[in-house]
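J.: quick one, fold the following:
(one chain, ligands or ions: 1)
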Amino acid sequence: MWNKLPPEEEFRLERIQKAFEKRKGKAAILPFLTAGDPNFDDSLACFRALLQAGADLVEIGIPYSDPLADGKVIQDAALRSLQSGFSLPRIFEMTQLLRRESEAGLILFSYVNPVFQYGLERFFQDARKAGADGIIIPDLPFEESVDVRQAADAADIALIPLVTPTSGRDRIASISSEARGFVYCVSSLGVTGERVQMSERVEELVRTVRQSTPLPVAVGFGVSTPEQAQNIAAYADGVIVGSAFVRRIGQSLDQGQDAMLSTITEFFKELQTAVQ
Ligand SMILES: O=P(O)(O)OC[C@@H](O)[C@@H](O)c1c[nH]c2ccccc12
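T.: Presented below is the predicted three-dimensional model:
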């Protein structure tokens, strides 16, 4: 069973639970955007627009120069962000600004390298001060995650694990039983990027995870249409969508911020309507 944190430390994890519970049994749409893409101000405006459109949780992606698990769309976004001068400390500045305006679940997303380069304890303490609720680190192997989970727990930041369709049942059980916040079920192998066809195996993966934790389960990777979101919403608590939002940002770079905000807001509302 889930190793529940002592009550006094659960308050931050509760914001994530509350965000899922707000959906009253409907799935939450969890947008991912690369922070700082295409620049700090436009990126902040994009996150604000999604929160104002009703996103209950957002993934705030820390741009990284070697995003091995990312497809071209998010790789290009990371490049735009880094070229605009975005650096890790600014993620806390952005998170703090969003926290001041919203009680939504703010989930940081980073590869493991930038976290260690910044300093493990310092990273999580600064994340806590900024008002973050959780973090996803896709290239942190479960076997090496004890120190990171301890640093995250000490700062009341939920270390949200990922499981994949090739993870064995025992591994899924151990990962899920140590999970905080929610469990991220990666729908398919390979890198992030919109897929025409979603894998059928992910529903079975969600069922397996639910045998080991009462926490919410979200599915991500490849979601590109409201119909795909609707199909996932039939069995998962959350639908994570990244590249489909990030592509829209990349395609509206020369149309001004208003066009950028309306395209992602419109898409969010289509997704949200599909999972009602
Ligand atoms: O972009 P997609 O296919 O919609 O997948 C979600 C994904 O963007 C986000 O959760 C994420 C961005 N980079 C990652 C790297 C690994 C796992 C997950 C991610």
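J.: CA only for contacts and neighbour counts going forward, please
T.: Will do.
J.: what's the span of stretch 98-117 from first residue to last?
T.: 25 Å (Cα to Cα, to the nearest Å).
J.: revised request: answer the last question for stretch 196-204.
T.: Termini of stretch 196-204 sit 20 Å apart (Cα to Cα).
J.: alpha carbons only: can I get stretch 31-40 in PDB?
T.: Provided in PDB are the C-alpha atoms of stretch 31-40 (Å, rounded to 0.1, in the frame of the first residue of the first chain):
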ATOM      1  CA  PRO A  31      -1.300  20.500 -20.100                       C
ATOM      2  CA  PHE A  32       2.500  20.400 -20.300                       C
ATOM      3  CA  LEU A  33       4.300  23.500 -21.700                       C
ATOM      4  CA  THR A  34       8.000  24.200 -21.800                       C
ATOM      5  CA  ALA A  35       8.600  27.100 -19.400                       C
ATOM      6  CA  GLY A  36      10.200  30.100 -21.200                       C
ATOM      7  CA  ASP A  37       8.900  29.100 -24.600                       C
ATOM      8  CA  PRO A  38       9.200  31.200 -26.700                       C
ATOM      9  CA  ASN A  39      10.200  33.700 -24.000                       C
ATOM     10  CA  PHE A  40       9.400  34.300 -20.300                       C
END
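J.: report the mean confidence score over it.
T.: Averaged over stretch 31-40, pLDDT sits at 98.
J.: what does that stretch contact?
T.: If you take Cα atoms under 8 Å, 6 or more residues apart in numbering as the criterion, stretch 31-40 is touched by 42-44, 47, 50, 55, 57-63, 74, 77-78, 80-82, 84-86, 91, 240-243, 245-246, 249-250, 253, 268.
J.: rerun that using 7 Å as the cut-off
T.: 43, 58-63, 77-78, 80-81, 84, 86, 91, 240-242, 245-246 (Cα atoms under 7 Å, 6 or more residues apart in numbering).
J.: how about stretch 133-141?
T.: So stretch 133-141 is in contact with 12-13, 16, 105-112, 157-162, 181, going by Cα under 7 Å, 6+ apart.
J.: for stretch 45-61, same thing?
T.: 19, 28-35, 98, 104-110, 261, 265.
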